[in-house]
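[1] Next input, structure requested:
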Amino acid sequence: MGEASAEDILFISNWMNEKEENRKTFCLLKSYWSADITSNQYVNSSTSLKKLQDKINRHQIPGKQYLIPILLPVAASIVLVIAISSFFNITRTNGKGKAYYTYLTNNNKSEFTLRDGTKVTLNKNSTLTYTDAFGKNNRSVKLEGEAFFEVTKNPDNPFEVSLEVENTNKGTIKVLGTVFNAKIDTESDKIITTLVEGCVSFEGSGQKIKLYPNQQLAFDYTTSNIDVYGVDIEKEISWKDGLIKYRKITFADLAKELEKKYHVQIIIENKELKRPSMTVSGGFSEEQTLDEVLGVISRSLPIKWKNKNHTYYIR
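    Numbering: from 1, shown residues only. Next up, the predicted model:
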């Protein structure tokens, strides 16, 4: 007892979002737990769990008893929980008095400020973790997924981002104060870093590369191959504003991006639409459906489409 897995936390998040009554139930359980602790105190989970169970026994929640065995381990392992939509800020100890702070997102992005003033936008299904030494002995964080950083400058204490897959470091970004985007893409086995302002240093597999504004680095952590090239910064970081932008790309390439985003197959039946000269520019909200996006595209390209069993045929 005392450890909550990411699956447990995401299960609770989805359950809370089903209806308001579930959210109130969680808040009630959370209030019982919070009544025994403050955010900077470390507690004995077994003792506190018994206290929490006694309180719940005195305040029965009709129809919710079946969830208590799931909710309690989560409450027992969390010193501080802030649940906003699908975003969690978790503080826990490792049994040796060392505190770990974790920001975890599910289906929503989250924006927050670290104790050194660094602003972070954490993308969907991503995790950022650091210890209580952050801002004191170091400014090191661990990232799984994607995040946009606006780092507070501190020449005496560099900011470091360790990009991880299954708790294994695949590369490290070091900066003094800058604005950049970092992403670890497990589908392509790549770390992708995009620099907006300042300068960053990337280290991986014994290699060290400096990156400058408007450049993007792609590091294949299976082959150790590194590519650096210029990019459209506005397009690359548009996700943090809930947008997807594209500029002068072929319609065929756009179709591939839409396939990945919407998890469908797109078959272009009109050969004219496959020509390299058939380019498009524009943008759409992440909240729009594929049919809505195709509707926007149809204003500039003469396309028609039909959807059959999650396969889109475009002519």
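[2] all helices of the chain, in order?
    6-18, 20-34, 45-58, 68-77, 233-236, 251-262, 290-297 (DSSP state H).
[3] any idea how this protein splits into domains?
    What the record gives for the chain is the domain set 1-90, 109-239, 242-314, from automatic domain parsing.
[4] Of those domains, which shows the lowest average pLDDT?
    Of all these, the minimum mean pLDDT falls on domain 1-90 (a mean of 47).
[5] The closest residue to residue 259 other than its chain neighbours pairs with what?
    In this structure, residue 259 finds its nearest non-sequential neighbour in residue 266, 5.1 Å apart by CB to CB, 6 or more residues apart in numbering. The way it works is simple: take the backbone N, C-alpha and C, and place the C-beta from them, glycine included. Beta-bridge pairing for residue 266 (DSSP bridges): residue 312.
[6] Roughly how far does residue 286 sit from residue 242?
    As for residue 286, its distance to residue 242 is 5 Å (criterion: CB to CB, to the nearest Å).
[7] scratch that, residue 107 is what I was asking about
    Distance, residue 107 to residue 242, by CB to CB: 12 Å.
[8] Please apply the same query to residue 201.
    Remark: distance between residue 201 and residue 242 (CB to CB) = 30 Å.
[9] quick one, which of those two is more surrounded?
    residue 201 (15 against 11; other CB atoms under 10 Å).
[10] does that one really touch residue 212, like I thought?
    No. Using CB atoms under 8 Å, residue 201 and residue 212 do not qualify as a contacting pair, with a distance of 11.0 Å.
[11] Which residue comes closest to residue 144 once chain neighbours are left out?
    residue 127 (4.5 Å).
[12] beta partners for the one you found?
    For residue 127, the beta-bridge partners are residue 104, residue 144 (DSSP bridges).
[13] That one and residue 103 touch, don't they?
    Yes. At 7.0 Å, residue 127 counts as touching residue 103 under the criterion of CB under 8 Å.
[14] Between the two, point out the one with more neighbours.
    Neighbour totals were compared for residue 127 and residue 103, and residue 103 leads with 22 against 18 (other CB under 10 Å).
[15] Please report the distance of that one from residue 297.
    35 Å.
[16] Can you name the residues that contact residue 307?
    264, 291, 313 (CB atoms under 8 Å, 6 or more residues apart in numbering).
[17] Any chance of CSV for those residues, columns neighbour count and distance to residue 122?
    Below are the contacts of residue 307 laid out as CSV (neighbours: other CB atoms under 10 Å; distance: CB to CB, whole Å):
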residue, neighbour count, distance to residue 122
264, 14, 27
291, 11, 29
313, 15, 37
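[18] quick check, nearest of these to residue 277?
    Relative to residue 277, the closest of those is residue 313; by CB to CB it sits at 22.3 Å.
[19] who touches residue 257 in this structure?
    Counting by CB under 8 Å, 6+ apart, residue 257 makes contact with 244, 246.
[20] Looking at the contacts of residue 307, which is nearest residue 112?
    residue 264 (33.1 Å).
[21] Excluding covalently adjacent residues, which one is nearest to residue 210?
    For residue 210, ignoring the flanking residues on the chain, the nearest one in space by CB to CB, 6+ apart is residue 201 at 5.5 Å.
[22] Likewise for residue 235?
    Leaving out its chain neighbours, the residue that sits closest to residue 235 by CB to CB, 6+ apart is residue 245, at 4.6 Å.
[23] what's the burial count for the nearest residue to residue 311 once chain neighbours are set aside?
    Excluding the flanking residues, the one nearest residue 311 by CB to CB, 6+ apart is residue 265, at 4.5 Å. By other CB under 10 Å, 12 other residues sit near residue 265.
[24] Do I have it right that residue 265 meets residue 259?
    Yes. Residue 265 lies in contact with residue 259 (CB under 8 Å); the separation is 6.3 Å.
[25] From residue 167, how far out is the residue nearest to residue 147 when sequence neighbours are not counted?
    Among residues not flanking residue 147 along the chain, residue 122 sits closest, at 5.0 Å (CB to CB, 6+ apart). Residue 122 sits 18 Å away from residue 167, going by CB to CB.
[26] Which of those two has more residues huddled nearby?
    For residue 122 against residue 167, the residue with the higher neighbour count under other CB under 10 Å is residue 122, and the figures read 24 against 8.
[27] re the thing from before, beta partners for the residue nearest to residue 210?
    On the basis of DSSP bridges, residue 201 is bridged to residue 174, residue 210.
[28] List phi and psi for the residue lying closest to residue 287 once chain neighbours are set aside.
    In space, residue 287 comes closest to residue 242 once its chain neighbours are excluded; the distance is 7.0 Å by CB to CB, 6+ apart. Dihedral angles of residue 242 (phi, psi; degrees, to the nearest 10) stand at phi 80, psi 30.
[29] unless I'm mixing things up, residue 242 is touching residue 283, no?
    No. Counting by CB under 8 Å, residue 242 does not reach residue 283; the two are 10.7 Å apart.
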